[in-house]
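Enquirer: structure of the sequence below:
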Amino acid sequence: MHTIIYTGLSIPFNEAEKILPDATYLPPVKRGDILEILEKYDDIDIIGIIDGVFHQTPAVAHKEILKALKHDITVVGGASMGALRACELYPYGMIGVGNIFKDYKNEIIDSDDDVAVALDPDTLKPLSDSWINIKYNLEYATNDSIITHKQKDELLKIAKETYYPKRSFKYVIGKSNITNKDELLEYIKNKNFDIKYEDAKKTIEKIRKIKKY
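Expert: Model (predicted):
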(Lines give C-alpha, C1' and ligand atoms only; values in the text may rest on other atoms or scores of the structure.)
Protein backbone atom coordinates (compact mmCIF):
# COMPACT_ATOMS: atom_id res chain seq x y z
CA MET A 1 0.00 0.00 0.00
CA HIS A 2 1.21 3.49 -0.87
CA THR A 3 1.28 6.27 1.71
CA ILE A 4 1.84 9.68 0.12
CA ILE A 5 2.91 12.68 2.23
CA TYR A 6 3.31 16.21 0.85
CA THR A 7 5.88 18.16 2.84
CA GLY A 8 9.53 19.26 2.64
CA LEU A 9 8.95 22.81 3.83
CA SER A 10 7.65 22.47 7.40
CA ILE A 11 9.84 19.43 7.95
CA PRO A 12 12.71 18.20 5.73
CA PHE A 13 12.25 14.87 3.98
CA ASN A 14 15.14 13.23 5.83
CA GLU A 15 13.64 14.10 9.22
CA ALA A 16 10.18 12.96 8.14
CA GLU A 17 11.62 9.63 7.01
CA LYS A 18 13.04 9.04 10.48
CA ILE A 19 9.48 9.10 11.85
CA LEU A 20 7.89 7.08 9.04
CA PRO A 21 10.34 5.45 6.60
CA ASP A 22 7.78 3.54 4.53
CA ALA A 23 6.07 6.51 2.89
CA THR A 24 6.54 8.39 -0.37
CA TYR A 25 7.44 12.01 0.37
CA LEU A 26 6.57 14.62 -2.24
CA PRO A 27 7.06 18.42 -2.40
CA PRO A 28 4.31 20.81 -1.30
CA VAL A 29 1.00 19.88 -2.92
CA LYS A 30 -0.54 22.05 -5.61
CA ARG A 31 -3.71 21.97 -7.71
CA GLY A 32 -4.02 18.70 -9.61
CA ASP A 33 -1.38 16.73 -7.70
CA ILE A 34 -3.81 14.51 -5.81
CA LEU A 35 -5.80 13.75 -8.95
CA GLU A 36 -2.52 12.78 -10.59
CA ILE A 37 -1.52 10.32 -7.86
CA LEU A 38 -5.01 8.81 -7.83
CA GLU A 39 -4.46 8.04 -11.51
CA LYS A 40 -0.93 6.75 -10.91
CA TYR A 41 -1.57 4.42 -7.96
CA ASP A 42 -4.51 2.16 -7.24
CA ASP A 43 -3.27 1.05 -3.81
CA ILE A 44 -3.04 4.31 -1.81
CA ASP A 45 -4.06 3.87 1.82
CA ILE A 46 -3.19 7.29 3.27
CA ILE A 47 -2.52 10.77 1.92
CA GLY A 48 -0.83 13.20 4.28
CA ILE A 49 -0.99 16.91 3.51
CA ILE A 50 1.43 19.08 5.46
CA ASP A 51 2.77 21.67 3.02
CA GLY A 52 1.09 23.13 -0.02
CA VAL A 53 1.53 25.87 -2.56
CA PHE A 54 -0.54 28.95 -1.73
CA HIS A 55 0.13 31.72 -4.21
CA GLN A 56 2.78 30.60 -6.70
CA THR A 57 0.28 28.25 -8.42
CA PRO A 58 -3.34 27.38 -7.57
CA ALA A 59 -3.73 25.59 -4.24
CA VAL A 60 -4.93 22.00 -3.94
CA ALA A 61 -8.67 21.94 -4.54
CA HIS A 62 -11.20 20.68 -2.01
CA LYS A 63 -12.73 18.41 -4.64
CA GLU A 64 -9.42 16.56 -5.06
CA ILE A 65 -9.34 15.70 -1.37
CA LEU A 66 -13.03 14.77 -1.40
CA LYS A 67 -12.39 12.44 -4.32
CA ALA A 68 -9.63 10.70 -2.36
CA LEU A 69 -11.97 10.34 0.62
CA LYS A 70 -14.63 8.83 -1.64
CA HIS A 71 -12.04 6.25 -2.71
CA ASP A 72 -11.81 5.23 0.98
CA ILE A 73 -8.36 6.78 1.29
CA THR A 74 -7.54 8.23 4.71
CA VAL A 75 -6.50 11.88 4.35
CA VAL A 76 -4.60 13.50 7.22
CA GLY A 77 -3.60 17.15 7.41
CA GLY A 78 -1.68 19.44 9.73
CA ALA A 79 0.92 22.19 10.16
CA SER A 80 0.28 24.36 7.10
CA MET A 81 -1.93 23.82 4.04
CA GLY A 82 -2.86 20.50 5.62
CA ALA A 83 -4.24 22.21 8.72
CA LEU A 84 -6.23 24.68 6.63
CA ARG A 85 -7.79 22.03 4.40
CA ALA A 86 -8.45 19.72 7.36
CA CYS A 87 -10.36 22.50 9.11
CA GLU A 88 -12.50 22.97 6.02
CA LEU A 89 -13.02 19.27 5.33
CA TYR A 90 -13.05 17.47 8.68
CA PRO A 91 -16.88 17.24 8.51
CA TYR A 92 -16.37 15.07 5.40
CA GLY A 93 -13.82 12.76 6.98
CA MET A 94 -10.43 14.45 6.65
CA ILE A 95 -8.39 14.11 9.85
CA GLY A 96 -6.83 17.25 11.32
CA VAL A 97 -3.77 17.16 13.58
CA GLY A 98 -1.94 19.67 15.75
CA ASN A 99 -2.29 23.11 17.27
CA ILE A 100 -2.54 25.00 13.99
CA PHE A 101 -5.46 22.82 12.92
CA LYS A 102 -7.14 23.57 16.27
CA ASP A 103 -6.44 27.29 15.81
CA TYR A 104 -8.21 27.23 12.43
CA LYS A 105 -11.08 25.15 13.79
CA ASN A 106 -11.53 27.48 16.78
CA GLU A 107 -11.30 30.54 14.47
CA ILE A 108 -8.24 31.89 16.24
CA ILE A 109 -6.75 32.15 12.75
CA ASP A 110 -8.75 32.21 9.52
CA SER A 111 -6.47 32.99 6.59
CA ASP A 112 -4.10 30.92 4.45
CA ASP A 113 -1.78 33.92 4.78
CA ASP A 114 -1.33 33.05 8.46
CA VAL A 115 0.73 29.94 7.63
CA ALA A 116 2.22 31.03 4.29
CA VAL A 117 5.95 31.47 3.79
CA ALA A 118 8.20 32.17 0.83
CA LEU A 119 10.29 29.17 -0.16
CA ASP A 120 13.34 28.29 -2.19
CA PRO A 121 11.94 26.04 -4.95
CA ASP A 122 15.19 24.11 -5.24
CA THR A 123 15.87 23.36 -1.57
CA LEU A 124 12.29 23.78 -0.21
CA LYS A 125 13.74 25.85 2.63
CA PRO A 126 11.58 28.69 3.98
CA LEU A 127 12.78 32.19 3.15
CA SER A 128 10.44 33.98 5.53
CA ASP A 129 8.70 33.39 8.87
CA SER A 130 5.03 32.50 9.03
CA TRP A 131 2.63 34.72 10.94
CA ILE A 132 1.52 31.75 13.06
CA ASN A 133 5.10 31.01 14.09
CA ILE A 134 5.65 34.66 14.97
CA LYS A 135 2.43 34.56 17.02
CA TYR A 136 3.46 31.52 19.06
CA ASN A 137 6.93 32.87 19.75
CA LEU A 138 5.63 36.27 20.81
CA GLU A 139 3.17 34.60 23.16
CA TYR A 140 6.06 32.71 24.77
CA ALA A 141 8.00 35.97 25.04
CA THR A 142 5.02 37.63 26.71
CA ASN A 143 4.57 34.77 29.17
CA ASP A 144 8.28 34.98 30.02
CA SER A 145 8.01 38.77 30.57
CA ILE A 146 10.35 39.64 27.69
CA ILE A 147 7.65 41.87 26.18
CA THR A 148 4.30 43.20 27.38
CA HIS A 149 0.89 42.26 25.97
CA LYS A 150 0.71 45.68 24.36
CA GLN A 151 4.07 45.16 22.65
CA LYS A 152 2.99 41.69 21.49
CA ASP A 153 -0.15 43.16 19.92
CA GLU A 154 1.90 45.83 18.16
CA LEU A 155 4.30 43.24 16.75
CA LEU A 156 1.50 40.94 15.59
CA LYS A 157 -0.21 43.86 13.84
CA ILE A 158 3.02 44.72 12.00
CA ALA A 159 3.48 41.06 11.04
CA LYS A 160 -0.10 40.79 9.80
CA GLU A 161 0.27 43.91 7.66
CA THR A 162 3.55 42.69 6.14
CA TYR A 163 3.35 40.79 2.84
CA TYR A 164 4.19 37.19 3.71
CA PRO A 165 7.44 36.84 1.66
CA LYS A 166 8.90 39.78 3.62
CA ARG A 167 7.84 38.53 7.05
CA SER A 168 10.66 37.70 9.43
CA PHE A 169 11.25 38.16 13.12
CA LYS A 170 14.05 40.61 12.36
CA TYR A 171 11.94 42.68 9.95
CA VAL A 172 8.87 42.82 12.19
CA ILE A 173 10.81 43.62 15.36
CA GLY A 174 12.86 46.21 13.50
CA LYS A 175 9.68 48.00 12.39
CA SER A 176 8.30 48.14 15.93
CA ASN A 177 8.61 50.77 18.64
CA ILE A 178 9.78 48.39 21.35
CA THR A 179 13.04 49.33 23.06
CA ASN A 180 14.44 45.86 23.83
CA LYS A 181 14.68 44.66 20.22
CA ASP A 182 18.00 42.87 20.63
CA GLU A 183 16.83 41.10 23.78
CA LEU A 184 13.69 39.85 22.01
CA LEU A 185 15.62 38.66 18.96
CA GLU A 186 18.08 36.80 21.19
CA TYR A 187 15.21 35.24 23.14
CA ILE A 188 13.55 33.98 19.94
CA LYS A 189 16.86 32.66 18.63
CA ASN A 190 17.48 30.70 21.83
CA LYS A 191 13.87 29.52 22.13
CA ASN A 192 14.06 28.14 18.59
CA PHE A 193 10.37 27.15 18.58
CA ASP A 194 8.74 26.30 15.25
CA ILE A 195 5.04 25.43 15.58
CA LYS A 196 4.76 24.31 11.95
CA TYR A 197 7.66 21.89 12.42
CA GLU A 198 6.15 20.53 15.64
CA ASP A 199 2.75 20.04 13.99
CA ALA A 200 4.37 18.42 10.95
CA LYS A 201 5.98 15.83 13.23
CA LYS A 202 2.62 15.22 14.93
CA THR A 203 0.96 14.73 11.55
CA ILE A 204 3.48 12.09 10.46
CA GLU A 205 3.27 10.40 13.87
CA LYS A 206 -0.53 10.25 13.48
CA ILE A 207 -0.14 8.64 10.05
CA ARG A 208 2.30 6.12 11.53
CA LYS A 209 -0.27 5.19 14.22
CA ILE A 210 -3.03 4.79 11.62
CA LYS A 211 -0.82 2.48 9.56
CA LYS A 212 -0.26 0.24 12.60
CA TYR A 213 -4.00 -0.29 13.21
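Enquirer: quick check: Ala118 vs Tyr163, distance?
Expert: Applying Cβ to Cβ, to the nearest Å, the value for Ala118 to Tyr163 is 9 Å. C-betas here are computed from N, CA, C, even on glycine.
Enquirer: between those two, who's got more neighbours?
Expert: Ala118 (18 against 10; other Cβ atoms under 10 Å).
Enquirer: biggest helix in the protein by residues?
Expert: helix 195-212 (DSSP state H).
Enquirer: right, and Ile4 touches Asp22 too?
Expert: No: judged on Cβ atoms under 8 Å, Ile4 makes no contact with Asp22 at a distance of 11.7 Å.
Enquirer: mind checking which of those two has more residues around it?
Expert: Ile4 (24 against 10).
Enquirer: can I assume that one sits in a strand?
Expert: Yes: with DSSP: H, G, I helix; E, B strand; the rest coil as the criterion, Ile4 is located in a strand.
Enquirer: got the domain boundaries for the protein?
Expert: 2-110+196-212, 131-194 (automatic domain parsing).
Enquirer: strands of the protein, start to end?
Expert: Along the chain, the stretches classed as strands by DSSP state E are 2-6, 24-26, 44-49, 74-78, 95-97.
Enquirer: distance to Pro12 added to those, as a markdown table?
Expert: Formatted as a markdown table, these follow (distance: least, Cβ to Cβ, whole Å):
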| stretch | distance to Pro12 |
| --- | --- |
| strand 2-6 | 12 |
| strand 24-26 | 9 |
| strand 44-49 | 15 |
| strand 74-78 | 16 |
| strand 95-97 | 19 |
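Enquirer: between the ones you listed, which gets nearest to Gln151?
Expert: strand 74-78 (30.0 Å; Cβ to Cβ).
Enquirer: quick check: buried residues in that closest one?
Expert: Neighbour-count burial for strand 74-78 flags 74-78 (criterion: 16 or more other Cβ atoms under 10 Å).
Enquirer: of all these, which comes closest to Ile49?
Expert: Among the buried residues of strand 74-78, Gly77 lies closest to Ile49 (Cβ to Cβ), at 4.4 Å.
Enquirer: just name the most buried of the strands of the chain.
Expert: strand 74-78 (a mean of 26; mean count of other Cβ atoms under 10 Å).
Enquirer: and that strand, what does it pack onto?
Expert: Contact here means 3 or more Cβ pairs under 8 Å, 6 or more residues apart in numbering; DSSP states H and E; on that basis strand 74-78 packs against strand 44-49, helix 62-70, helix 81-89, strand 95-97, helix 98-105, helix 195-212.
Enquirer: can you list contacts of that strand?
Expert: Identification of contacts with strand 74-78 by Cβ atoms under 8 Å, 6 or more residues apart in numbering yields 45-50, 65, 68-69, 82-86, 89, 93-98, 100-101, 199-200, 202-203, 206-207, 210.
Enquirer: shaky segments in the protein?
Expert: 213 (pLDDT under 70).
Enquirer: geometric centre of it: which residue is closest?
Expert: Ser80 (2.1 Å; Cα atoms, centre = their mean).
Enquirer: show me the contacts for that residue.
Expert: 9-10, 50-52, 100, 115, 130, 196, 200.
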